[in-house]
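[1] starting from these lines, generate the structure:
(one chain, ligands or ions: 1)
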Amino acid sequence: MTSQRPDTARGFGPPVVELVAADYAYEDGPPVLSAVSFAIHEGRATALLGRNGGGKTTLLRLLSGGLRCAPGQLVLEGSPVRYDRKGLTRLRTTVQLVVQDPDDQLFAASVEQDVSFGPMNLGLPEEEVRARVRDALEALDIAGLRDRPTHLLSYGQRKRAAIAGAVAMRPRVLVLDEPTAGLDPHGQERLLDVLARLRTTGTTIVMATHDVDLALRWADDAAVLTDEGLRTGSVATLLARQELLDAARLRKPWSMAVTEVLTAGGLLPKGAAAPRTPEELARWAAPGHFGPSLAGSGQDPGSGPGPSPNGLPGPAGQRLSDLS
Ligand SMILES: Nc1ncnc2c1ncn2[C@@H]1O[C@H](COP(=O)(O)OP(=O)(O)OP(=O)(O)O)[C@@H](O)[C@H]1O
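    You can find the predicted model right below:
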């Protein structure tokens, strides 16, 4: 697997953290990643996508220092990471990984003890630790669970407690391995709200996910792992590339698929961008956004083919509701 140099031509500043030409193989195993480069830029939300067993978790562990690439380099704020105590502490105060299974992360008796572990380990004053724990629990909406034994939490609550532990480290980059997996729809929405709030405070977020709809909705950038390497770019651009989706065993986001059908049917102008969020969909379908066609032209749908009354190609008078 090889990778292009990350796209630095998109006007971003230097990456906060960057893997450069990284190889990784587990002991006695085949190569999982070969010459993969992955740059994380300040303030961006990046979705990491790829097939099961494709190497996403491995890549996130390399990025956060839990694994060490060989050959290759992990570069933090312009300097190669040193894998000694001082170097790893510096890395972990900047980049925090939350693993997929919260039971692999939580180990203390209570939520408060678990969330305070990282800041205490940094040797911070008690008052600072307390403030960080309070802020992290509030950010994750679990202040009410502060004294709860971690083994009595629900799966969704354990996920939140695990993320709170990472947030309490106040990292610039939060790396989440499939954070929405196993959450019910309400839990997923709550988590996305939490991530949106974290982004407003300047946190850069990388999320591995199999959910292409979530990726299109949430991310600015995508990084797609295939056997050919890692492709990076804007999420809307990469998820529109069918050959890349096929190589990564992904499907097209539903809104892109619907947009393609509507465009092919002449109901949308060529090149219309797919809506990425429910709010965008509502604006997109409102009268006048693309001309009147999506909301209906007011013309009798049975009036047959003819010049489109709204200036768009396609059968006159056809409505979005006609497609169902
Ligand atoms: N600790 C390990 N020891 C040996 N091989 C491992 C280990 N962890 C992962 N692998 C192997 O490395 C490859 C990549 O695994 P990885 O977990 O990084 O993929 P992934 O993209 O995160 O998969 P998924 O989407 O299923 O979570 C797989 O073939 C896996 O079996």
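[2] quick one, helices of the stretch 201-324 of the chain?
    212-218, 235-238, 242-247, 254-264, 278-285 (DSSP state H, counting those that start in this stretch).
[3] between helix 254-264 and the helix or strand of the chain at the bottom of the mean pLDDT ranking, find me the angle.
    Every helix and strand in the chain was compared by mean pLDDT, DSSP states H and E; the lowest is helix 278-285, with a mean of 84. Relative orientation of helix 278-285 and helix 254-264, computed by axes from the mean of the first three to the mean of the last three CA atoms, to 10 degrees: 10 degrees.
[4] use 31 as the first number for this chain going forward.
    Shifting the count to begin at 31 puts that one at helix 308-315.
[5] buried residues of helix 308-315, list them for me.
    residue 314 (16 or more other CB atoms under 10 Å). For the C-beta atoms, the positions are set from N, CA and C on the backbone; glycine is no exception.
[6] now stretch 112-119
    For stretch 112-119, by 16+ other CB under 10 Å, it's residue 117.
[7] circling back to that earlier point, quick check: which of the helices of the stretch 231-354 of the chain is buried the most?
    helix 242-248 (a mean of 21; mean count of other CB atoms under 10 Å).
[8] what residues does the stretch 81-230 of the chain put near the ligand?
    82-88 (CB under 6 Å from any ligand atom).
[9] ok so, going back, make TSV from the helices of the stretch 231-354 of the chain and add distance to residue 222 to it.
    Shown next, in TSV, are the helices of the stretch 231-354 of the chain (distance: least, CB to CB, whole Å):
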stretch	distance to residue 222
helix 242-248	6
helix 265-268	15
helix 272-277	23
helix 284-294	16
helix 308-315	12
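[10] what's near enough to touch residue 209?
    The contact partners of residue 209, by CB atoms under 8 Å, 6 or more residues apart in numbering, come to 128, 189, 193, 221, 225, 237, 239.
[11] next step: those residues restricted to strands.
    Judged by DSSP state E, strands contain the following of those: 128, 237.
[12] tell me where this structure has strands.
    Applying DSSP E to the chain gives strands spanning 47-55, 61-70, 75-80, 103-106, 109-110, 125-128, 203-207, 234-238, 251-256, 259-264.
[13] and those: which comes nearest residue 317?
    strand 259-264 (29.0 Å; CB to CB).
[14] returning to that earlier point: now render the contacts of residue 209 as a markdown table, adding distance to residue 298.
    Shown next, in a markdown table, are the contacts of residue 209 (distance: CB to CB, whole Å):
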| residue | distance to residue 298 |
| --- | --- |
| 128 | 39 |
| 189 | 38 |
| 193 | 39 |
| 221 | 32 |
| 225 | 31 |
| 237 | 30 |
| 239 | 28 |
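[15] buried residues, the longest helix anywhere in the chain. List them.
    What stands out as the longest helix in the chain, according to DSSP state H, is helix 215-230. Within helix 215-230, the residues that count as buried by 16+ other CB under 10 Å are 217-218, 220-222, 224-225, 228-229.
[16] check stretch 126-143 too.
    126-130, 132, 135-136, 140-143.
[17] tell me, how many residues neighbour residue 110?
    A count of neighbours around residue 110, defined by other CB atoms under 10 Å, yields 11.
[18] and it, what does it touch?
    Counted by CB under 8 Å, 6+ apart, residue 110 has contacts 103-104.
[19] for stretch 184-204, the averaged confidence score.
    The average of the pLDDT scores along stretch 184-204 is 96.
[20] centre of the chain to that stretch, how far?
    15 Å (CA atoms, centre = their mean, to the nearest Å).
[21] same question for stretch 298-312.
    20 Å.
[22] now that stretch - C-alpha only, CSV.
    Taking Å, rounded to 0.1, in the frame of the first residue of the first chain, the C-alpha atoms of stretch 298-312 are listed here in CSV:
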residue,chain,number,x,y,z
LEU,A,298,-31.6,19.1,-11.1
PRO,A,299,-29.0,21.0,-13.1
LYS,A,300,-25.8,19.1,-13.9
GLY,A,301,-23.2,19.5,-11.2
ALA,A,302,-25.8,20.2,-8.4
ALA,A,303,-24.0,19.5,-5.1
ALA,A,304,-25.6,16.9,-2.8
PRO,A,305,-27.0,18.2,0.5
ARG,A,306,-24.8,17.1,3.4
THR,A,307,-27.1,17.7,6.3
PRO,A,308,-30.9,17.6,7.0
GLU,A,309,-30.8,21.4,7.2
GLU,A,310,-29.1,21.6,3.8
LEU,A,311,-31.7,19.2,2.4
ALA,A,312,-34.5,21.5,3.6
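[23] no further queries at this time; thank you.
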